[in-house]
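In: Pasting a predicted model and its sequence here:
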Amino acid sequence: MPDYRARVADRELADLMAAVGAVLIEGPKASGKTATASRVAATVFDMDRDSTARASIELNSKYLFDRPTPILFDEWQTVPELWNSVRRAVDAFDRGRGLYLLTGSARPRDDVNRHSGAGRFATLRMRPMSLFESGHSNGEVSLAALLDGERQPGRDSGLTVPDLMERVVVGGWPDLLEADEATARRWLTGYLEQVIEVDVPSMVGRRDPRTLRRVLTSLSRFVAHAPATRTIAADAGGERGPVSPATVYSHLDALERLQLLDDSEAWMPHMRSRSRLRSTPTRYFVDPSIATTALGVSSADLLNDLPAAGYHFEALVVRDLRVYAQRLGGRVDTWRDEGGNEVDAIIAVPGGRWAAVEIKMSTAEVDTAAANLTKFTQRIDTSRHGDPQCLIVITATGSAGVRSDGVHVVPITALGP
C-alpha cells in the first residue's frame, strides 16, 4: 500500500498478532481500520458487501477459512455469527497466532450465543489520526519518554493557533489528509448525516432524527465538560422541555456502539484531603471535528470565541494523548472534586505509573496551570499511588522543556508517542 501513512497502532497490531489467534480492530467508520488491517492480511473479505461470504458462514465455511492467513473479515458485525466461526477456527489451529483479523465500526450488543473469545481474541481500538500521524506534529517529545522520567527539549512544528483550529475542524480522518477546510466540512456533514439518518436508527429504531441532532449538538456544547445526563436531556429539549431520559440513554448507547464517543472516566485516587470527588465522566467525541460539525462552526468561528475554542483544543489534545497512551497499555482519565478543582487529564500506564496533564492554548496560562498541577499532587496520597512520573502542561505553540519547578511544558505539535 504505497499511499499508506504509518499509524501508532501498527506496532500494537503486530504485538497482538504475535500473541493471539484473532485480533478485533474497533473504531469509528473512516478511521483507517481496514487500511491498517489490509497491510498485513493475505486474504480479505468485505462482509458488508460480499453476499457470498455472508452466506458461506452457514452453508460453506471452507470458502472463508481455507485461504491464506491472516484472513481479514471487514465489517464483521454485519454477520455476528462470524465471531463463533472464527473462535472455532482458532481452536482448530490449536490456538495458532495471527490467523484472523476482524474490523468493525459498530459494536454488536452482547449475545448469549456469542461465546467468550478469551485466549483467542485481542482487541485493538483505533481512532482518527493524531497530529503526529497526520504529519502536523514533529514528535520531538515522546510521551513514553516523559513517562520514563526523561527531560526532552523540543520545538513546535510551526503551526499557529489558527492552523490548529483548522485541525480541530478538519479532524484526523485519513480521507481528509489533503483536504482543505471547506471540503472537510462538507465531508463531515455527510458523515454525520449518515450517522443520524442511517446508523443510529438501525440500532434504536426509527425515531425523530431532530432529537438525535439536538442530543449531538448538546454533547458538542458540553465537550470537555462533565454534564449529568439530565443536563443533556434538558439542554437538548430546549423550549420543548427535556428529552426523556430513556431517549437520551438510547442515543448515547448507540453513539458509544458506533465508537463515536470517547469520554474520560473519573480518576478516583486516595486523597489526603476530605474533598469529595466527582464521578461523572468528561464528555469527548472520538475526534474533535464531530463536535464542530454538529455545531456548524468553522475555524474562524472558533478564533472569534477563544474561551470555547479552548475546550475544542482540549478535545484535540485528549484525542492525541489517548492514541499515544494506548500504545503503552495506558488510559486517559480526568480528575475533579466537589470544590471545582480539576486536572484535565490523568495518564495511567501499567506498573502503577501515572502523570497529570493540564491543557492550555495560551503560553500565558502556563504558570497558573503548573501551579495547579503542583497543588494537585499535594492532595494525592502518594503513599498509596506513588509520585507522578511527570507533570505536563500542553500548549498550542512554543518550545518544550522543563521548568524550575519540575513541570514539563510541551506544545502539542511537538508531542508524539
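Out: Looks like it arrived, so ask away.

In: going forward, measure contacts and count neighbours with C-alpha atoms only.
Out: Fine.

In: need the contact list for the closest residue to Asp199 other than its chain neighbours.
Out: In this structure, Asp199 finds its nearest non-sequential neighbour in Leu258, 8.0 Å apart by CA to CA, 6 or more residues apart in numbering. By CA atoms under 8 Å, 6 or more residues apart in numbering, the contact list for Leu258 reads 27-29, 105-107, 199.

In: And the helices in the stretch 151-300 of the chain?
Out: 161-170, 181-194, 201-204, 209-221, 229-237, 245-257, 288-295, 299-303 (DSSP state H, counting those that start in this stretch).

In: could the ones you listed be laid out in a markdown table, adding mean neighbour count, distance to Leu147 and mean pLDDT?
Out: What follows is the helices of the stretch 151-300 of the chain, written out as a markdown table (neighbours: other CA atoms under 10 Å; distance: least, CA to CA, whole Å; pLDDT from 0 to 100):
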| stretch | mean neighbour count | distance to Leu147 | mean pLDDT |
| --- | --- | --- | --- |
| helix 161-170 | 21 | 25 | 98 |
| helix 181-194 | 16 | 35 | 98 |
| helix 201-204 | 15 | 40 | 88 |
| helix 209-221 | 20 | 31 | 95 |
| helix 229-237 | 19 | 34 | 94 |
| helix 245-257 | 17 | 29 | 94 |
| helix 288-295 | 24 | 25 | 98 |
| helix 299-303 | 17 | 32 | 98 |
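
In: Can you give me the domain assignment for this structure?
Out: With domains defined by automatic domain parsing, the chain comprises 9-125, 131-416.

In: burial count for the closest residue to Gly119 other than its chain neighbours?
Out: What sits nearest to Gly119 in space, not counting adjacent residues and going by CA to CA, 6+ apart, is Val20, at 6.8 Å. Counted by other CA atoms under 10 Å, the residues lying close to Val20 total 20.

In: For my notes, confirm Val20 occurs in a helix.
Out: No - looking at Val20 with DSSP: H, G, I helix; E, B strand; the rest coil, it is coil, so not inside a helix.

In: count of residues packed around Glu12?
Out: 17.

In: if I look at it, how far off is Phe73?
Out: Distance of Glu12 to Phe73, given as CA to CA, to the nearest Å: 19 Å.

In: for the protein, what spans make up the strands?
Out: 22-26, 43-46, 71-74, 100-104, 121-125, 141-142, 154-155, 331-336, 342-349, 353-359, 390-395, 399-402, 408-411, 415-416 (DSSP state E).

In: among the ones you listed, which is nearest Glu193?
Out: Glu193 lies closest to strand 100-104 among these, at 19.5 Å (CA to CA).

In: Could I get the CA-only coordinates of the lowest-mean-pLDDT helix or strand in the chain as CSV?
Out: Lowest mean confidence among the helices and strands of the chain (mean pLDDT, DSSP states H and E): helix 382-385, at a mean of 86. Extracted in CSV, the C-alpha atoms of helix 382-385 (Å, rounded to 0.1, in the frame of the first residue of the first chain):
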residue,chain,number,x,y,z
THR,A,382,1.3,9.2,47.2
SER,A,383,1.9,6.6,49.8
ARG,A,384,-0.8,4.6,48.1
HIS,A,385,-0.4,5.9,44.5
